[in-house]
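Enquirer: Need a 3D model of the sequence below.
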Amino acid sequence: MPYDAEILVVGCGNVLFKDDGFGPAVIEALETYFKEHEDERPENTMFIDAGTGGPHFVFSLPHDSWKKMIVVDIVEYKAEPGELRKFEVDEIPKGSYENMHSWPVNQPLHELNEKIDVMVIGCKPKEISAPNVEMGLTPPVEEAIPKAIKMILKEIGV
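Expert: Numbers count the residues shown, from 1 in each chain. Purely as a prediction, here's the structure:
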């Protein structure tokens, strides 16, 4: 099992479709942060750019070492573009959190949450360009990255 850590921070999304790349952008920013603050990097945590493979992590059986999974992704909810919110799995209404192929993944998240602590740090997107390829985040979503990092650092105890 290549993901042998107590805490997994999983950035989900497709960088080809504007704000859908939020999750991978946050993981990249976290890696940059820990290059500059290497002494703060927790040994029990892995940061994973899952791209569009997020369901792989949700549907996989958890490793015995897993204690917490933090999913970082865009979430459609009533807010201004770029607003962040921590969603507990029980708060995610059916059909409100789906991957780009419209697979509802909230039920598997609920099942995974029975074994480990699972949460979603969601950012309200401004624009998802799919099926048109448009690289780069919109300004409000780009500006949300430092706040997302602070939320994640708090969750992982840094």
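
Enquirer: can you map out the strands along the protein?
Expert: 7-12, 45-51, 68-74, 84-88, 117-123 (DSSP state E).

Enquirer: Could you give the average pLDDT over the last one?
Expert: Taken as a whole, strand 117-123 has a mean pLDDT of 92.

Enquirer: How about the first one?
Expert: For strand 7-12, mean pLDDT rounds to 92.

Enquirer: Can you mark which positions in it are buried?
Expert: 7-12 (16 or more other CB atoms under 10 Å). Yep, even glycine has a C-beta here, placed from its N, CA and C like the rest.

Enquirer: now the fourth one
Expert: With burial defined by 16+ other CB under 10 Å, the residues of strand 84-88 counted as buried are 84, 87.

Enquirer: what's in contact with that strand?
Expert: Outside of strand 84-88, the residues within contact range by CB atoms under 8 Å, 6 or more residues apart in numbering are 75, 77, 79, 97, 119-124, 144, 147-148, 151, 155.

Enquirer: May I ask which of those residues has the most neighbours?
Expert: Using other CB atoms under 10 Å as the neighbour test, those are led by Cys123, with 29 neighbours.
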